[in-house]
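>>> give me coordinates for this.
(2 chains)
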There are 2 protein chains.
Amino acid sequence: MIEAASTATRAFGTGDMFQLLRDGRPRTRAELAALTGQARSTVATRIDALMSAGLISPAGEATSTGGRPPATFAFHPAAQVVLGVDLGATHARLAVTDLASTVLAELDAPLAIADGPDAVLGWVAETGQKLVESAGRAPDELASVGVGLPGPVEHATGHPNNPPIMPGWDDADVPGILGARFGVPVLVDNDVNIMALGEHRLAWPDVRDLFFLKVATGIGAGIIADGELRRGAQGAAGDVGHIAVPGEHDVVCRCGNVGCLEAIASAAAIAARLREQGLEANTPADVVSLVRTGEVRASQAVRQAGREIGAVLASAVSMLNPSVIVIGGILAEAGEHLIAGIREVVYQRSLPLATQHLRIVTTRTGAQAGVLGAAAMASDHVLSPAAIDARTASA
Amino acid sequence: MIEAASTATRAFGTGDMFQLLRDGRPRTRAELAALTGQARSTVATRIDALMSAGLISPAGEATSTGGRPPATFAFHPAAQVVLGVDLGATHARLAVTDLASTVLAELDAPLAIADGPDAVLGWVAETGQKLVESAGRAPDELASVGVGLPGPVEHATGHPNNPPIMPGWDDADVPGILGARFGVPVLVDNDVNIMALGEHRLAWPDVRDLFFLKVATGIGAGIIADGELRRGAQGAAGDVGHIAVPGEHDVVCRCGNVGCLEAIASAAAIAARLREQGLEANTPADVVSLVRTGEVRASQAVRQAGREIGAVLASAVSMLNPSVIVIGGILAEAGEHLIAGIREVVYQRSLPLATQHLRIVTTRTGAQAGVLGAAAMASDHVLSPAAIDARTASA
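This next block holds a predicted model:
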């Protein structure tokens, strides 16, 4: 039996050579020829193609051992921009970045996802175009758009799949609708995956196995394994909000099952419990405020939610053995109570080999995680070997 | 900010060119030059190096459009052999395969892992060398050895880490000890990871996301995500036997926690429950026999174990969204009862997006899964770009 190699039929092209330059270090034609094993003439042609496409630029001269010093070339991330869009239930955040995740313009606005795809995507197109302009860039400098949505997204199509808090959005052609408005490729994923991507890329680039948990109105996760986001077969990986919490629980979840993590430990569930105790807690933000003002019942409820979350995270640790767990979402702003409850249970319930080097921390990119991840997803697409091959072949 | 590309500093070498040939299809020098973009002279040099190393061989002439037809070259998997070793608690299975997983000789023998590393590894070295001989191959045709152990293995070192059923093995230098005996690289992993690898490679090569669950004396999993085995930060991924089963459980596990899957639903736990009912069930094999002879209490116990396993697999489905779940280990031989219990709970507890295309099946490679996976791990090492570069550079 012969095994198929995944690269079997793809040629090593201009896009592959570009990956060698993506770290930003200037290199000469001779260095690139040595690294790729390709003929000097081939390398020269490819450098010309990448220069024409604006993806690399001259980066001065290398030191010479005699004769004319050779020219160097480096990745030119300012050549184009991408738009990152992070849509939540009641707000939107947009950012224009260059191709290396440097933010050039950013905007945060209230927006009701329940207004449906026509209204919301129309607003995104209009506001996104203005934001590109306000970053001082022309419309044709926009290379792609990345979008995060607050619900399950089928990865192959970029369409929402029965999203519970997005009425009217089921199977909406988000890439098609926004693609027609922007005239560039549009990548779509769920909000937690893009948060995981943003946090990993900007705060933990050297970590290979990271588990990102968002705790807000709902609960969800994004999984980085061996350095890459893993989405599973349909893009539904990380959907941990409906995992049953170990122990005896009789809370019925909106999904119809009993004892789901989201029904027990989300910010919405905590707020409901605090209201039963007579406290004013209508939103996740109210829960955070109560904890910050020193309301003991709120702190205790958040810590208990941390323990329930910890019970499910212990399963994630046993299953995936991450080296870092990052807690994000608005409840991460409630301070140490949440994470203390989480740590208590994870370190007790998981085996030593998996926990001895495990760090459990709150997000460093905070409310920007999603929009930065959406922009990174868009850049990754533009800079992929296949996209660059297509672009430089037609140039 | 500039992102590091993982391939940034590796040259595209002979080993990379070999990957293009690994699918077994014959190719001409001109085809390889076109695929790699490299000069014809570079390709010719690399073909010579791969021929000298025995990794490729002439594969006849291509059809010609005129003039002398060009020679083709193809992967020559018979050039060398690897040894796969699957060690269980009370038995061992060894196989000699070529570099494309074709079995040339195989052996199954009782062996007590509790005899400790000196006795066991001494036996493995002696028996393995004889098995290579009985396959008609000389000792120097052995390229590498892959070993599966019934306990946690730290991936970076290949040393067992506090393995519960392997007294005397903690931190044993298995790669060092066997490497000294065989004189070739030795790769070590836990038994469930190599079973997942064997099952994926031989039965489901086109599936990208596969979850393999072994149900025997213990319970463990191997995770294939995006086509590759994912081991996590320390190699402990898939350690699902100590995940707490949702619901009320008071069984104390040998790990000290309460309600672990392994303490409730392993073949050992089922056997203990059947003994309490007065049945003769001392081993996992006894449980399988009782089910096969139509003992209703045994069938019911296995089906109930399936439901408990299903509750934890539902978490795995929510977390990882595999497209195939394979059930292996001796309890998979108990027929439909186990898998019926599993399916009942998984399809009820997981969300539709993750289950609509999910298949839950029993192993196709059966008792061979581990040894085939160990051999595949050994071949993968030998055929990796870096290993081939090192070998052809010194040739």
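
>>> please identify the helix or strand for the residue nearest the centre of chain A.
Chain A has A:I194 as the residue nearest its centroid, 1.9 Å off, counting by C-alpha atoms, centre = their mean. Using DSSP states H and E, A:I194 maps to helix A:191-203.

>>> same deal with A:A105?
strand A:103-110.

>>> strands of the stretch 201-350 of chain A, start to end?
A:210-215, A:219-225, A:228-229, A:324-328 (DSSP state E, counting those that start in this stretch).

>>> within range of chain B, give me the residues from the stretch 251-395 of chain A.
A:255, A:257, A:259, A:311-312, A:314-316, A:318-323, A:348-354, A:356-358 (C-beta under 8 Å from any C-beta of the partner chain). Backbone N, C-alpha and C define where each C-beta goes, glycine included.

>>> longest helix in chain A, please.
Ordering each helix of chain A by length in residues (DSSP state H) puts helix A:296-320 first.

>>> average pLDDT for that one?
For helix A:296-320, mean pLDDT rounds to 96.

>>> what angle do that helix and strand B:219-225 make?
Interaxial angle of helix A:296-320 relative to strand B:219-225 (axes from the mean of the first three to the mean of the last three C-alpha atoms, to 10 degrees): 80 degrees.

>>> chain center to helix A:296-320: distance?
23 Å (C-alpha atoms, centre = their mean, to the nearest Å).

>>> also stretch A:208-226?
Taking C-alpha atoms, centre = their mean, the mean C-alpha location of stretch A:208-226 is offset from the chain mean by 10 Å.

>>> is it anywhere near chain B?
Yes. Using C-beta under 8 Å from any C-beta, a contact is recorded between stretch A:208-226 and chain B, made by A:208-209, A:221, A:223, A:225-226.

>>> so the residue nearest to A:N193 when sequence neighbours are not counted versus A:R230, what's the distance?
Spatial nearest neighbour of A:N193, excluding adjacent residues (C-beta to C-beta, 6 or more residues apart in numbering or on different chains): A:G222 at 4.5 Å. According to C-beta to C-beta, to the nearest Å, A:G222 stands 9 Å off from A:R230.

>>> what's the answer for A:A135, then?
A:A135 sits 32 Å away from A:R230, going by C-beta to C-beta.

>>> which of these two has more neighbours?
A:R230 (22 against 19; other C-beta atoms under 10 Å in any protein chain shown).

>>> model confidence for that one, exactly?
97.

>>> residues contacting it?
A:223-224, A:237, B:225-226, B:230, B:320 (C-beta atoms under 8 Å, 6 or more residues apart in numbering or on different chains).

>>> buried residues in stretch A:179-188?
A:179, A:181-182, A:184-188 (16 or more other C-beta atoms under 10 Å in any protein chain shown).

>>> any low-confidence regions in the stretch 251-395 of chain A?
The stretch 251-395 of chain A contains residues with pLDDT under 70 at A:394-395.

>>> all helices of it, in order?
Taking DSSP state H, counting those that start in this stretch as the test, the helices found in the stretch 251-395 of chain A are A:261-265, A:267-276, A:284-292, A:296-320, A:336-349, A:352-355, A:369-383, A:385-394.

>>> could those helices go into JSON lines alongside mean neighbour count and distance to B:E126?
Formatted as JSON lines, the helices of the stretch 251-395 of chain A follow (neighbours: other C-beta atoms under 10 Å in any protein chain shown; distance: least, C-beta to C-beta, whole Å):
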{"stretch": "helix A:261-265", "mean neighbour count": "26", "distance to B:E126": "52"}
{"stretch": "helix A:267-276", "mean neighbour count": "19", "distance to B:E126": "61"}
{"stretch": "helix A:284-292", "mean neighbour count": "20", "distance to B:E126": "65"}
{"stretch": "helix A:296-320", "mean neighbour count": "24", "distance to B:E126": "37"}
{"stretch": "helix A:336-349", "mean neighbour count": "20", "distance to B:E126": "42"}
{"stretch": "helix A:352-355", "mean neighbour count": "20", "distance to B:E126": "31"}
{"stretch": "helix A:369-383", "mean neighbour count": "27", "distance to B:E126": "51"}
{"stretch": "helix A:385-394", "mean neighbour count": "16", "distance to B:E126": "48"}
